[in-house]
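**Q** quick one, structure for this:
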Amino acid sequence: MLPTPTAATNGETALPLELLELELSLDGFSGDADAFADAVRTAASQLDGDFLFELPASGLADDCQRIAALRVPKGENGALEVVFALLDADASSIRVENPDEKTAGHKRFADAFIGVLERI
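**A** Okay, the predicted model is just below:
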């Protein structure tokens, strides 16, 4: 099985192409904290993904005030995986990240949330 293609941006860690596509669709964000959830929901939908929830970032990431959990297709088989969209402290841009050790609790919550939704 071939690895998922990646693209690097500005010397940062390489993003899988699916996340890059999501980040590009959010690149033109010009709203505020109130418009964040709608922008992320729309971007997830355009990728045939799901918006799960959004809440205050509470120090989970540097320079970030809101975090949204999304489930988006990744890889060749299109399996859905949880990623996070983060609204910066100025509410001027959104970045996309894979779960890491700081967001592991939110990742577990997102997985449990998905489990509940699938049972309904």
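
**Q** SS state for the residue nearest to the spatial centre of the chain?
**A** Geometric centre of the chain, nearest residue: Phe84, 2.9 Å, by Cα atoms, centre = their mean. Following DSSP: H, G, I helix; E, B strand; the rest coil, we place Phe84 in the strand state.

**Q** hmm, Asp100 and it touching each other?
**A** No. Assessed by Cβ atoms under 8 Å, Phe84 is found out of contact with Asp100, at 9.1 Å. Where C-beta positions appear, they are placed from N, C-alpha and C, glycine not excepted.

**Q** separation between the residue nearest to the centre of the chain and Ile120?
**A** Look at Phe84 and Ile120: by Cβ to Cβ, to the nearest Å, they are 23 Å apart.

**Q** over to Arg95?
**A** In terms of Cβ to Cβ, Arg95 sits 31 Å off from Ile120.

**Q** wait, what's in contact with Glu97?
**A** By Cβ atoms under 8 Å, 6 or more residues apart in numbering, the contact set of Glu97 is Ala61, Val83, Phe84, Leu86, Thr103.

**Q** now for those, which pair is the farthest apart?
**A** Spanning the widest gap among these are Ala61 and Val83, at 12.9 Å by Cβ to Cβ.

**Q** which one of the two is surrounded by more residues?
**A** Neighbour count, other Cβ atoms under 10 Å: between Ala61 and Val83, Val83 has more, with 26 against 19.

**Q** list the contacts of that one.
**A** Leu19, Leu22, Ala69, Leu70, Arg71, Val72, Val96, Glu97, Asn98, Pro99.
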